[in-house]
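Trainee: Quick one: sequence and predicted model below, then my questions.
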Amino acid sequence: MSSSEAKKRVVSLAAAHVAHDSASVTSPISIDYRSQSLIGRHKARTGNLCQAPPRALLGVLALLLALAATWLSHPEPPPVITKFTNGYLLRDGQLVPGDLWVSSKTGRIISPQSAFYAGHLRPDRVVDLEGKILSPGFIDVQLNGGNGFDFSIPEPDFEAKCADTNRRFVKTGVTSYLPTVISQAGDVYKQVLPYLGPSGKDRDPSKGAESLGAHVEGPFLSPARNGIHNKSILQQANSWSDIVACYSEDGLKNIRKITAAPEEGKMTELIPEFVKRGIVFSIGHTDADLAQAEAAIDAGATMVTHMFNAMRPFAHREPGVFGLLGESTFAPPSPVQSPVSSPSKTTSIGSNVPNSAATTELEKLNRPKLSTPNHGKRPFFGLISDGIHLSGPALKIAYSAFPAGAILVTDALKFAGLPDGKYEWTNGDEIIKEGLVIKHAHNGRLAGVASSLIECINNFRRFTSCGTAAALECVTSHPARMLGEGVADRKGLLVPNMDADLVVLSGSGDQDLVVEQVWKFGVQVA
């Protein structure tokens, strides 16, 4: 019997006793019988039945009924420990059968052995995955807005709209992200950056997706590769004071990643200062040749923003930024070592092994493992796999060059989630939305997309044939590692002590993945 059923049973019994009392107040025979059951047969034998008057008993039972009703009206406490079983877990670049325990009290993944043997704890709730996939929550490191809200446009209710956006994003499987601000005048950064810093400090799952810090995409970009960024507000930085003048010292504290053109001004010389402050420097919107890109990497740059887009095209004698992925001087990758061992496909885990029909899908879900840590100086690189920004062959070439560095991003604009039509862009230009495509009204140039990260994952699987596990790593462990300390040690992996940010996915083999459930800090939120 469940706790709620037990409560209802108590109230039902108490109500029955009160009804019986009310109906029998004037009946001596009924009083004698009831007294024997309520105050004990040994009392009944003494003949002192009048010591328990019917009205007194009625009052006691009414009180019990009131207490039981109060008890029933209070909601049951949520389960503290949840066990996921009978599914496939993303671990060590593979989808493997196994269990996962999470605590909503700590908001973290816990070791079942430690919980059971050391803490003598048992799961309060068991989730049967029925052969589905359990993945870490998705991390989108380039997200401009959605549902009409733009992180680059100050509004009177900006903070409230950020909060609403977080609750919307989490429903798509994105549990963490970098709110992206495109090139703006300096006063805009000072208005919006105070609200775009890390937002998960209180670990409240009801708030939805959490910001990991802002991504400023500009204004230190190449005018030759500006894309949709307004050329009139692009800048060059010749000293750190130029950076502070743009973002402010307080604003810099909320920035986690910057996209800039290293060849403009003295930006390459300033990269070490960004790194010192814990800000990831990403090469983007750049006309840099390979030598200039290498200099940026040597200075501390660790990422490339949306590879192929808004940069010098690849050429066989001058590959540009893309050449960073094929440098023969860089150390070759070595195999990943998982923090915890994962059960093999043949490991017996009793009733927790997915059924035989689901197990036959394992080879379809896994492909030869390509995922490797970011050794040497080859950078991480973003790929917009919406089927619009890049062709399938371009995606496959980039991924094959350095699988461990691939990070899928949406680069979604505020028009995502809105109906098709004409809208005003941040700089006053008119924008047309047609399906997922967002373009300039006056010249038809691509301005952005309105796709979700799960759509990008499914496209990437089709275009590269990399396999489900490898595609999921591009939105979990890879972006977490790229962001480094403070993120890599708590996001992106299904191992104990990591944040219990989870996504349950259906779909196997060649079927598209579908987000079925989303969990934040050990609590189901979608």
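Mentor: Arrived safely.

Trainee: in the stretch 151-300 of the chain, which spans are strands?
Mentor: 174-182, 210-211, 214-217, 255-260, 280-283 (DSSP state E, counting those that start in this stretch).

Trainee: who wins for proximity to Glu327 among these?
Mentor: Of all the strands of the stretch 151-300 of the chain, it is strand 280-283 that lies closest to Glu327, at 14.0 Å by Cβ to Cβ. Heads up, the C-betas are built off the backbone N, CA and C, glycines and all.

Trainee: Who are the packing partners of that closest one?
Mentor: Judged by 3 or more Cβ pairs under 8 Å, 6 or more residues apart in numbering; DSSP states H and E, strand 280-283 is in contact with strand 255-260, helix 267-276, helix 290-299, strand 303-304.

Trainee: want to throw the ones you listed into TSV with mean neighbour count and mean pLDDT?
Mentor: TSV is the format used below for these (neighbours: other Cβ atoms under 10 Å; pLDDT from 0 to 100):
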stretch	mean neighbour count	mean pLDDT
strand 255-260	26	99
helix 267-276	19	98
helix 290-299	19	97
strand 303-304	27	98
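
Trainee: Output those in CSV; the columns should cover distance to Pro403.
Mentor: As requested, those are exported to CSV (distance: least, Cβ to Cβ, whole Å):
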stretch, distance to Pro403
strand 255-260, 21
helix 267-276, 25
helix 290-299, 19
strand 303-304, 15
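
Trainee: For Asp140, find the nearest of these.
Mentor: strand 255-260 (12.0 Å).

Trainee: What strands flank the closest one, and is each parallel or antiparallel?
Mentor: Next to strand 255-260 in the sheet, as set by DSSP bridges, lie strand 214-217 (parallel), strand 280-283 (parallel).

Trainee: if we can go back for a sec, I'd like the strands of the stretch 151-300 of the chain written out as TSV, with distance to Pro154 added.
Mentor: Converted to TSV, the strands of the stretch 151-300 of the chain look like this (distance: least, Cβ to Cβ, whole Å):
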stretch	distance to Pro154
strand 174-182	10
strand 210-211	16
strand 214-217	14
strand 255-260	17
strand 280-283	24
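
Trainee: and Pro393, how many residues sit next to it?
Mentor: 10 (other Cβ atoms under 10 Å).

Trainee: dump the residue contacts of it.
Mentor: Neighbouring residues of Pro393 by Cβ atoms under 8 Å, 6 or more residues apart in numbering: Phe463.

Trainee: Helix or strand: which one has it?
Mentor: helix 392-401 (DSSP states H and E).

Trainee: pLDDT of that helix, averaged?
Mentor: Predicted confidence along helix 392-401 averages 97 (mean pLDDT).

Trainee: Map the structural domains onto the sequence of this protein.
Mentor: 3-73, 138-332+350-490 (automatic domain parsing).

Trainee: Nearest the geometric middle of the chain, what residue?
Mentor: Centroid-nearest residue in the chain: Thr175, 1.9 Å away (criterion: Cα atoms, centre = their mean).

Trainee: For Ala480, see how far away it is.
Mentor: Thr175 is 11 Å from Ala480, where distance means Cβ to Cβ, to the nearest Å.

Trainee: Also Val321?
Mentor: Applying Cβ to Cβ, the value for Val321 to Ala480 is 23 Å.

Trainee: of those two, who's got more company?
Mentor: Just comparing Val321 and Ala480: by other Cβ under 10 Å the higher neighbour count belongs to Val321, 28 against 24.

Trainee: The more buried one: what secondary structure?
Mentor: helix (DSSP: H, G, I helix; E, B strand; the rest coil).

Trainee: With Thr106 instead?
Mentor: Under the three-state scheme (three-state DSSP), Thr106 adopts coil.

Trainee: Leaving out the residues flanking it, which one is nearest to it?
Mentor: Nearest non-adjacent residue to Thr106, counting by Cβ to Cβ, 6 or more residues apart in numbering: Gly522, 7.3 Å away.

Trainee: Can you pull out the low-pLDDT segments for the protein?
Mentor: 1-78, 328-376, 426-427 (pLDDT under 70).

Trainee: then stretch 291-305 to PDB, C-alphas only?
Mentor: Taking C-alpha atoms only, stretch 291-305 is exported to PDB below (Å, rounded to 0.1, in the frame of the first residue of the first chain):
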ATOM      1  CA  ALA A 291      50.000  31.200 -39.200                       C
ATOM      2  CA  GLN A 292      47.900  33.800 -37.400                       C
ATOM      3  CA  ALA A 293      45.600  31.100 -36.100                       C
ATOM      4  CA  GLU A 294      48.500  29.100 -34.800                       C
ATOM      5  CA  ALA A 295      49.800  32.200 -33.000                       C
ATOM      6  CA  ALA A 296      46.400  32.500 -31.300                       C
ATOM      7  CA  ILE A 297      46.600  28.900 -30.200                       C
ATOM      8  CA  ASP A 298      50.100  29.400 -28.900                       C
ATOM      9  CA  ALA A 299      48.800  32.400 -26.900                       C
ATOM     10  CA  GLY A 300      46.000  30.300 -25.200                       C
ATOM     11  CA  ALA A 301      43.100  30.100 -27.600                       C
ATOM     12  CA  THR A 302      41.300  26.700 -27.200                       C
ATOM     13  CA  MET A 303      38.300  26.900 -29.500                       C
ATOM     14  CA  VAL A 304      37.000  27.900 -32.900                       C
ATOM     15  CA  THR A 305      33.500  29.400 -33.200                       C
END
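
Trainee: how distant is it from the center of its chain?
Mentor: 28 Å (Cα atoms, centre = their mean, to the nearest Å).

Trainee: do the same with stretch 193-204
Mentor: Averaging C-alpha positions (Cα atoms, centre = their mean) puts stretch 193-204 14 Å from its chain's average.

Trainee: Give me the contact list for it.
Mentor: 107, 151, 158-159, 162, 166, 176, 179, 181, 207, 210-214, 216, 247-248, 250-251, 253-256, 521.

Trainee: what do you get for stretch 486-497?
Mentor: By Cβ under 8 Å, 6+ apart, stretch 486-497 touches 89-91, 100, 108-111, 114, 134-137, 139, 176, 212, 278, 338-340, 476-481, 498-499, 501-502.

Trainee: ends of it, how far apart?
Mentor: End-to-end distance for stretch 486-497: 13 Å, by Cα to Cα, to the nearest Å.
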